[in-house]
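Trainee: have a look at this fold, sequence not included:
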């Protein structure tokens, strides 16, 4: 006995791949844009943190023979391309080097603030064993904030402290 093949209506699927691509592509593109922005933000934060740490170390070792300008030169050098990612980086008061007030730092929780806020060169009087801090303030603006529905800017406040080894 001979069996006949079943007759199935032949469904045409022309354009199905195009429709699937049209549905999936925007999601994939948004995901890739988010990864790009997060990577750029992570790069900026890591670079700023490393630059502040290097500048604080430089300040802690050179309290007797360098100025804040020298510390900021080290900071600028280490910032490299991340300097352009942090808005208001060069504005007055957004880069600081200071002697951390030991009485406030000894509290629980520790409070990190300058010992003499009005004196910008006070860090040069930091005694051996006290902390010297370098602080960077600014804002980070994502390139694709509107598309990703992210905040238009993030406030950055990076502070690194090092124990003074001079004086």
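Mentor: That came in fine, so what should we check first? Since the model is a prediction, treat every value here as computed from it, not as a measurement.
Trainee: just the element for residue 44, please.
Mentor: In this assignment (DSSP states H and E), residue 44 forms part of helix 16-61.
Trainee: run through the neighbouring helices and strands of that helix.
Mentor: If contacts are counted by 3 or more CB pairs under 8 Å, 6 or more residues apart in numbering; DSSP states H and E, helix 16-61 sits against helix 68-79, strand 95-99, strand 131-140, helix 145-148, strand 154-163. Using the backbone N, CA and C atoms, a C-beta is placed for each residue, glycine as well.
Trainee: ranking these by mean pLDDT, which is last?
Mentor: For these, mean pLDDT drops lowest on helix 145-148, to a mean of 78.
Trainee: helices or strands next to that helix in the packing?
Mentor: Looks like helix 145-148 contacts helix 16-61 (3+ CB pairs under 8 Å, 6+ apart).
Trainee: orientation of the helix it packs on relative to strand 95-99 in degrees?
Mentor: 40 degrees (axes from the mean of the first three to the mean of the last three CA atoms, to 10 degrees).
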